[in-house]
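In: Predicted model follows, preceded by the sequence.
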Amino acid sequence: MKKTIAIVFYLVFIITLNANAKEFSLTNGMAGNYAFSPGTGMVGIVAVVHVGVRNETAATNGISHYLEHLLFNGTRTLNQEQLYAAFDELGVYANAQTGKDYTAFMIVGRSSDLDTLFGLLREQLFFSTLPFDKFEKEKGIVEQEMLKDEQDEDYRFNTLFDLHSKSGTPYQYPTLGSRASIGAITRDQVAQYYHTWFHPNNVTLLVAADASIIEVVSAAKKQLEIVAPGDVPLASKITRVPLTRDRIIETAPAKSDANRFKAAIALPTLDSAKQQAALSAAVELFDPQEYLSGTPLRSLSFELFRDRDFSQLEISGDYSGNLDATA
């Protein structure tokens, strides 16, 4: 998973910070961002489906991540063994990651295989069969992931923070779901969720390639435009429970002799992309380390959380002694 996350953010970094990055679109509504990566002979493709925990309820919590697993189990043309054999034959790295408001599928291979890579991605995203005989197997794998994460201090801490700071919204739920929700989810529910959200007009492509934009767009059009757009539901409005002091700071033992805290400060809802970009830039430029001297704080960091319906500044750090003494 850490390797997966690294690849996702590497591609996002290349595309968002590359001054020569270019946007493109397909006739079925799929959006794309391209960056030239010369001299590598490689292409990295991330298909970001705009669906995640935000689209879940308490009863369906974890369904996005569960579906992510199932999309590696076979398509209309390839069963699971054939799909993995195709990956191996091409020497590609393929993986996926589910987030709070997205599910990302990635494939990294040779630029000379652009056509084939886009074709494999198309089959996974839009023509998976969700085989009955794999359904319970994947449920067991997800439950093992839960067990592993529950033993991780960082996971427990951040899960508790989300529960308190994002109460009343789907963001309060863990990405993996709960044992109760995963245990109760049926294949029919997963299939309905899949056919509701996985449409090309709900996908953004991030492509970093040692190939021209003409080559990339040509391959994408050839392999992906055969998929018709669908009716994607409008995102539901969500309302967070107002933050109060008892919802702002949570402390827990850290892996050292320090304690840990994480705080959420409510921000105004930002309607325009320019406002959001300005606030993001301000948070990134602010250096909190200069404020640590003379305090019990050992570290301090800031992160901006944004949703179309609410925003908050999340402050985290480690400290020794009594934090309230300098509050």
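Out: The structure has been received and is ready for your questions.
In: Could you say which helix or strand holds Ser218?
Out: Assessed by DSSP states H and E, Ser218 sits inside helix 213-224.
In: what's that helix in contact with?
Out: Residues from elsewhere that reach helix 213-224, judged by Cβ atoms under 8 Å, 6 or more residues apart in numbering: 22, 24, 26-28, 30, 32, 34, 36, 43, 111, 114-115, 118-119, 121-122, 200, 205, 207, 209. Glycine gets a C-beta too; all of them are placed from N, C-alpha and C.
In: how about the strands in the protein?
Out: 22-25, 31-36, 42-49, 93-98, 103-110, 203-209, 250-253, 259-267, 297-306, 311-319 (DSSP state E).
In: mean pLDDT for those strands: which is lowest?
Out: Among the strands of the chain, strand 250-253 carries the lowest mean pLDDT, at a mean of 53.
In: And Glu215, how far from Ser112?
Out: Noted for Glu215: a distance of 10 Å to Ser112, by Cβ to Cβ, to the nearest Å.
In: again, but for Ile141
Out: Applying Cβ to Cβ to Ile141 and Ser112 gives a distance of 33 Å.
In: Comparing these two, which residue is more hemmed in?
Out: Neighbour count, other Cβ atoms under 10 Å: between Ile141 and Ser112, Ser112 has more, with 15 against 12.
In: Is it possible to get CSV of the strands of the chain that adds distance to Ser128?
Out: Output for the strands of the chain, formatted as CSV (distance: least, Cβ to Cβ, whole Å):
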stretch, distance to Ser128
strand 22-25, 24
strand 31-36, 21
strand 42-49, 12
strand 93-98, 12
strand 103-110, 11
strand 203-209, 14
strand 250-253, 39
strand 259-267, 37
strand 297-306, 31
strand 311-319, 34
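In: Can you tell me which of the ones you listed is nearest to His65?
Out: When these are compared by Cβ to Cβ, strand 93-98 sits nearest His65, at 4.1 Å.
In: List the residues that contact Phe118.
Out: Phe118 neighbours (Cβ under 8 Å, 6+ apart): 45, 219-220, 222-224.
In: from those residues, which would you call buried?
Out: Burial by neighbour count, 16 or more other Cβ atoms under 10 Å: within the contacts of Phe118 this picks out 45, 219-220, 223-224.
In: Using a markdown table, lay out those together with distance to Gln172.
Out: Output for the buried ones among the contacts of Phe118, formatted as a markdown table (distance: Cβ to Cβ, whole Å):
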| residue | distance to Gln172 |
| --- | --- |
| Ile45 | 32 |
| Ala219 | 41 |
| Ala220 | 37 |
| Gln223 | 38 |
| Leu224 | 35 |
